[in-house]
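# What shape does this take:
(chains A and B)
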Number of protein chains: 2
Amino acid sequence: MKTRSNLTVPRSMSRRHFLRVLGATGGAAAAIGAMDAWGMMMASAAEAPPVLSGNANGRRVIILGAGLAGMTAAYEMSKLGYETPIFEARDFAGGRCQTARRGFSLTEVTGVTQRCLFDDGQYINHGPWRIPYHHRSTLHYTKEFDVPLEIMVNDNDNAWDYREEEGSPLSGRRIRRRELQADIGGYTSELLAKAADQDALDRELTAEDKEQLLDYLVAFGQLDRDTLSYGGTGGRGYEEDPGAGLRPGVPSDPFAFRDLLQHGAIDGFRAVAGHTQKNTMFEPVGGMDQIARGFEREVGHLIHYEHVVREIRQSDDGVRVVLENATTGETREVEGDYCICTIPLSVLNQIPADFSSEFQAAMQAVTYVSVGKMGLQFARRFWEEDDFIYGGHSTTNVFGNISYPSYGWQGEKGVILGYYNFGGQAVEVSARSPRERVEYALEMGSLLHPEVYRREFETGFSVAWHLVPHNLGGWASWSSEARNDAYPRLNEPDGRVYLAGEHLSYMTGWMSGAIESAWLQIEKIHDQVQARQGHAARQVA
Amino acid sequence: MKTRSNLTVPRSMSRRHFLRVLGATGGAAAAIGAMDAWGMMMASAAEAPPVLSGNANGRRVIILGAGLAGMTAAYEMSKLGYETPIFEARDFAGGRCQTARRGFSLTEVTGVTQRCLFDDGQYINHGPWRIPYHHRSTLHYTKEFDVPLEIMVNDNDNAWDYREEEGSPLSGRRIRRRELQADIGGYTSELLAKAADQDALDRELTAEDKEQLLDYLVAFGQLDRDTLSYGGTGGRGYEEDPGAGLRPGVPSDPFAFRDLLQHGAIDGFRAVAGHTQKNTMFEPVGGMDQIARGFEREVGHLIHYEHVVREIRQSDDGVRVVLENATTGETREVEGDYCICTIPLSVLNQIPADFSSEFQAAMQAVTYVSVGKMGLQFARRFWEEDDFIYGGHSTTNVFGNISYPSYGWQGEKGVILGYYNFGGQAVEVSARSPRERVEYALEMGSLLHPEVYRREFETGFSVAWHLVPHNLGGWASWSSEARNDAYPRLNEPDGRVYLAGEHLSYMTGWMSGAIESAWLQIEKIHDQVQARQGHAARQVA
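As a prediction, this is how the structure comes out:
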């Protein structure tokens, strides 16, 4: 099942260093020829778990948290013979890798409980919901665990954009994103083409450069070759689509450039999508929690559910964890040689633990993001049937976006992500009751889908991650100062406790961050075990 | 299953006319308010078959060709009681809506036969392969016939671009499309931003306009806000991706702008995708021929296979068609009141038929496009595993593109579209033997995937549509002159024979063109039948 490059390089070696070394030995030609090989290696550095040699030497590693980081650690270490019991506060595995479907329930720290009432087959990924193609570590396990993937439509220029902008003639209208995208690209191409044509650019362009630039701009913005003017394009959509018989199609008229500028319709368009938002984007067939289920099939027998961590103690010889049974309230203690703690820092901060004061200070330096999501089930897929929107996001400057499901195409019902909010907005909305949150979501979504949104609504399920027990936040957020100071310290063990999770990565909030963080930490523990074993062997000798 | 707008307007009414009428009666406010309603109608005009009232009056309509046009006509007319036998030259239904999988065979007019040897579960859609979201008529039937859809990845900026361009330092290298896209967008944004900042644009921009434009360009091109310079962006990809632990990621350096211009790397980037290439793009799960199978489940009992049309005769009273059994060579004649002929004009031109000379001349005005496609099965999905390319197209200026499968993610094997060529190139390649075509495809594809392409290759299957019996071309191509003169004539019946197919649409080469053409023609026949019935009734009275 696994594919792994045979090439390995130290992870700390930079590409420039690698090429310098190679260039020194094999000359420039070798260095250039090696660039492709390097491309393979760079990717492979994070595409597969570390190759651990040696053995576990009978060591026991207590893993706290059965999220993806914890299960990754248990899965990989148990292969080598490590004893890796996992203690999980919830009665299910996966951490934030959850999917809300019929029967799923959630009690927030306020004591309010919601039970998901979606129809069978309908669901919302209210935790992680996207896997970009370059998250090799996540894709490593979807392949290893035979979790089928499908495309998550992350880009749909037929979706709506809705803005309220004082003085804008386009304010309060829903507009297809393709129209905005085409017109802005067209007009800016026109401006630049005319400037280039009149030699008004300060950057020196040769006559040939200028011709090539004009060729590009005419193609990119769909300009008239003679006048260098933008007058609309089929790509922005037709007033009447080309059809059969005598229906050649009726072109649509572009908006005025000044109106677009005033409207602020420029938001959200980029020459290329940002790194984490790039296509190809995946989701597992049947819900994101299928990834959790994949891990669970392998390590479920190691998980002790409903074990809430109350204390983390350690000495030079080992680790001792006090656990409380979430149902009975009974406590027990477990001991091990090492501990991998994947508990979010927002929660871990509140657990008595034998961490150095320096380590504790570092733990305080992180903040956690308030995040809210709302799943709304509708009786009819009106966005597909009436608006021809299949997946992707409709955008607003009022409350954020709504997102359409990428599964169940042309089916009877569907679940829309009614909001995905952050920070103060998430806190504000989450202060309302579940019913009031739904009301808010319906009011907001009705800006994009007037009337039908309320008419077809059936049931909603919301999450406010900052209010979810054992999480208390969506994901870690590092200031650049904290990245410099606190973050490196937390990546190193404190005594025999190693932290892991998305918070210990530059991919915060992503499953790959959690997985790769675990990969790094198990390698450190294993190295430690091998070193001590060698040391003990030498002492015996 | 079906959804249909309650709003209907005459199809010939333009939006402007509609709004003028409405404006005249209800004032400008009514006209503006109606624009949304019109949007619904415009779409609905082509989203569902015509609503036919009245009855078939015992009429028999002979349908020639069991492609999508012919099966659409039979399916819709038989609902009303029309007798609609379909005569099909091949031994399977679907016309060009085909999928090559194990067991599929094809004999070209040269007599050369290929048999597809792909593994079970592997296939190539060597006819139509894309369904854009706005092809409502095709989506109408996928829904009606419960044909499950999945996303066809039509846009993948992690795919390669490869160009050979004399004098270009980037010539002969494969480059990620995201890098080109980011850099070109960045540099052109920089050029325009600096020109705007120095008030070098001839178009009058107010100070506020200028600020808004700069905001947009900084965001779009990812410019430095202070210097207005482009220096790369995470969206173009990292030299080393951000990861866990102490791996913040290593940004990549942009190419030089002049190198990009010289390289001609501008090709293929547009502010928005063209109308027919827009996302969301679909394909049926399991192959495009699942649409043909959907129709076949409904009208299969009406199809007479292996009946090759030899003559089409008509009088004032009816139509008579001479058919030859493809296996036995026996001929038979069938008679009907009307005929819907979906035979491609490239083939129909050679069949003796009672058409008016004017009609025959119009038929000669069309040309058919030479089109070649090649499916290559590989033992390993190296494009996913090694290059992280999931679907979409890698582009070249040497031979065209190769396209990666949008099904079977992370599976063991896969089928790449090794070429998709047109015109002279298609003719040239198709003149070779199937084995030589494969050799050509491997040579070309190896530009994008050196070594591994040949190493992992297993078996190929190619089609040259201009050499396929009963098609003799990929699709109809209308010059603008022929569109004006010949095309309208062919959309009208000649006597009792009505033509239908993609060639009688402004969506040539698309399934929706075939379907909607059939919708138009069955409406005309039915109107004719109703009119004659009324006429007969009046005569009796």
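
# is it true that A:Glu296 lies in a strand?
No: per DSSP: H, G, I helix; E, B strand; the rest coil, A:Glu296 lies outside any strand segment and is helix.

# By mean pLDDT, which helix or strand of chain A comes out lowest?
helix A:15-45 (a mean of 41; mean pLDDT, DSSP states H and E).

# got the contact list for the closest residue to A:Ser229 other than its chain neighbours?
In space, and not counting its chain neighbours, A:Ser229 is closest to A:Glu190: 5.7 Å by CB to CB, 6 or more residues apart in numbering or on different chains. The C-beta positions use only the backbone N, C-alpha and C, and glycine is treated the same way. Neighbour list for A:Glu190: A:217, A:221, A:223, A:228-230 [criterion: CB atoms under 8 Å, 6 or more residues apart in numbering or on different chains].

# so how far is the first residue of stretch A:450-467 from its last?
Using CA to CA, to the nearest Å, the span of stretch A:450-467 from its first residue to its last is 31 Å.

# Quick one: mean pLDDT over it.
Stretch A:450-467 shows a mean pLDDT of 98.

# Repeat that for stretch A:501-509.
On average, stretch A:501-509 scores 97.

# And the contacts of it?
So stretch A:501-509 is in contact with A:65, A:67, A:69, A:128, A:135, A:276, A:342-345, A:366, A:369, A:474-478, A:487, A:490-491, A:510-514, A:516-517, A:520-521, B:242-245, B:247-249, going by CB under 8 Å, 6+ apart.

# Mark which of those residues are buried, thanks.
A:65, A:67, A:69, A:128, A:135, A:276, A:342-345, A:366, A:369, A:474-478, A:487, A:490-491, A:510-514, A:516-517, A:520-521, B:242-245, B:247 (16 or more other CB atoms under 10 Å in any protein chain shown).

# On the C-terminal side of the strand or helix carrying the residue nearest to A:Ser229, identify the next helix or strand.
Per DSSP states H and E, A:Glu190 falls inside helix A:177-197. Reading on from helix A:177-197 to the C-terminus, the next helix or strand found by DSSP H and E is helix A:207-221.

# Now do that next one: distance to the chain's middle.
37 Å (CA atoms, centre = their mean, to the nearest Å).

# Then stretch A:493-505?
20 Å.

# Return the subset of the buried ones among the contacts of stretch A:501-509 lying in helices.
Taking DSSP state H as the definition of helices, the buried ones among the contacts of stretch A:501-509 contribute A:69, A:345, A:487, A:490-491, A:511-514, A:516-517, A:520-521.

# any idea which of those residues is closest to B:Asp183?
A:Ser512 (26.1 Å; CB to CB).

# Which residue comes closest to that closest one once chain neighbours are left out?
Per CB to CB, 6+ apart, closest to A:Ser512 is A:His135, 4.0 Å.

# Hmm, the one you found is touching A:Glu516, no?
No: counting by CB atoms under 8 Å, A:Glu516 is not a contact partner of A:His135; they are 9.1 Å apart.

# And the helix or strand harbouring A:Val438, what does it pack against?
Following DSSP H and E, one finds A:Val438 within helix A:434-445. Secondary-structure packing of helix A:434-445 (3 or more CB pairs under 8 Å, 6 or more residues apart in numbering or on different chains; DSSP states H and E): strand A:371-378, strand A:414-422, helix A:423-430, helix A:452-456, strand A:457-464.

# near chain B at all, the second one?
No: Strand A:414-422 lies out of reach of chain B by CB under 8 Å from any CB of the partner chain, never closer than 13.5 Å.

# Could you list every helix and strand that that strand packs against?
strand A:371-378, helix A:382-385, strand A:401-404, helix A:434-445.

# what's in contact with the third one?
Yep, that's strand A:401-404 we're talking about. A:153, A:156, A:159, A:383-384, A:389-395, A:414, A:416-420, A:444-445, A:448.

# For ChimeraX, write the selection for the buried entries among those.
Listed next is the ChimeraX selection for buried residues among the contacts of strand A:401-404, using 16+ other CB under 10 Å:
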select /A:153,156,159,383,384,389,390,391,392,393,394,395,414,416,417,418,419,420,444,445,448
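
# List the residues that contact the nearest residue to A:Pro405 once chain neighbours are set aside.
In space, and not counting its chain neighbours, A:Pro405 is closest to A:Gly414: 4.9 Å by CB to CB, 6+ apart. Residues counted as contacts of A:Gly414 (CB under 8 Å, 6+ apart) are A:122, A:377-378, A:381, A:383-384, A:404-405, A:408.

# what's the closest of the residues you listed to B:Ala74?
Distances from B:Ala74 to the contacts of A:Gly414, taken by CB to CB, are shortest for A:Glu384, at 27.4 Å.

# and the closest one, what pLDDT?
So A:Glu384 comes in at 97 (pLDDT).

# And the strands in the stretch 1-150 of chain A, which stretches?
A:61-64, A:86-87, A:105-107, A:113-115, A:131-132, A:149-151 (DSSP state E, counting those that start in this stretch).

# Let's have the ones you listed in JSON lines, adding distance to chain B and mean pLDDT.
JSON lines is the format used below for those (distance: least, CB to the nearest CB, whole Å; pLDDT from 0 to 100):
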{"stretch": "strand A:61-64", "distance to chain B": "17", "mean pLDDT": "98"}
{"stretch": "strand A:86-87", "distance to chain B": "19", "mean pLDDT": "98"}
{"stretch": "strand A:105-107", "distance to chain B": "28", "mean pLDDT": "98"}
{"stretch": "strand A:113-115", "distance to chain B": "30", "mean pLDDT": "98"}
{"stretch": "strand A:131-132", "distance to chain B": "9", "mean pLDDT": "98"}
{"stretch": "strand A:149-151", "distance to chain B": "4", "mean pLDDT": "98"}
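
# can I get those in CSV with mean neighbour count?
Conversion of the strands of the stretch 1-150 of chain A to CSV gives the following (neighbours: other CB atoms under 10 Å in any protein chain shown):
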stretch, mean neighbour count
strand A:61-64, 28
strand A:86-87, 25
strand A:105-107, 14
strand A:113-115, 14
strand A:131-132, 23
strand A:149-151, 20
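
# Tell me the spacing between A:Val529 and chain B.
Remark: distance between A:Val529 and chain B (CB to the nearest CB, to the nearest Å) = 19 Å.

# how about the nearest residue to A:Gln364, chain neighbours excluded?
A:Asn349 (6.6 Å).

# and the stretch 301-450 of chain A, which residues reach chain B?
A:380, A:385-386, A:388-392, A:406, A:409-410.

# Out of those residues, flag the one nearest to B:Val51.
A:Glu385 (17.4 Å).

# That closest one - how many residues pack around it?
19 (other CB atoms under 10 Å in any protein chain shown).

# and the residue of the stretch 101-250 of chain A nearest chain B?
Proximity of the stretch 101-250 of chain A to chain B (CB to the nearest CB) peaks at A:Gly185, 2.3 Å away.

# pLDDT at the residue lying closest to that residue once chain neighbours are set aside, what is it?
Spatial nearest neighbour of A:Gly185, chain neighbours left out: B:Ala271 (2.3 Å); criterion: CB to CB, 6+ apart. B:Ala271 carries a pLDDT score of 89 in this model.

# quick one, helices of the stretch 251-400 of chain A?
A:257-263, A:289-299, A:345-348, A:357-364, A:382-385 (DSSP state H, counting those that start in this stretch).

# coming back round to it: measure the residue nearest to A:Ser512 to A:Thr72 for me?
Distance, A:His135 to A:Thr72, using CB to CB, to the nearest Å: 13 Å.

# Need the overlap of contacts for these two.
In contact with both A:His135 and A:Thr72: no residue, using CB under 8 Å, 6+ apart.

# got the contact list for the nearest residue to A:Val61 once chain neighbours are set aside?
Leaving aside its chain neighbours, A:Val61 sits nearest to A:Tyr338 (4.6 Å; criterion: CB to CB, 6+ apart). Contact partners of A:Tyr338, counting by CB under 8 Å, 6+ apart, are A:59-62, A:319, A:496-498, A:525, A:528.

# so what are the domain limits for chain A?
Domain ranges of chain A: A:1-45, A:61-91+A:299-362+A:480-540, A:105-157+A:278-287+A:370-467, A:164-266, per automatic domain parsing.

# Understood, closing this out.
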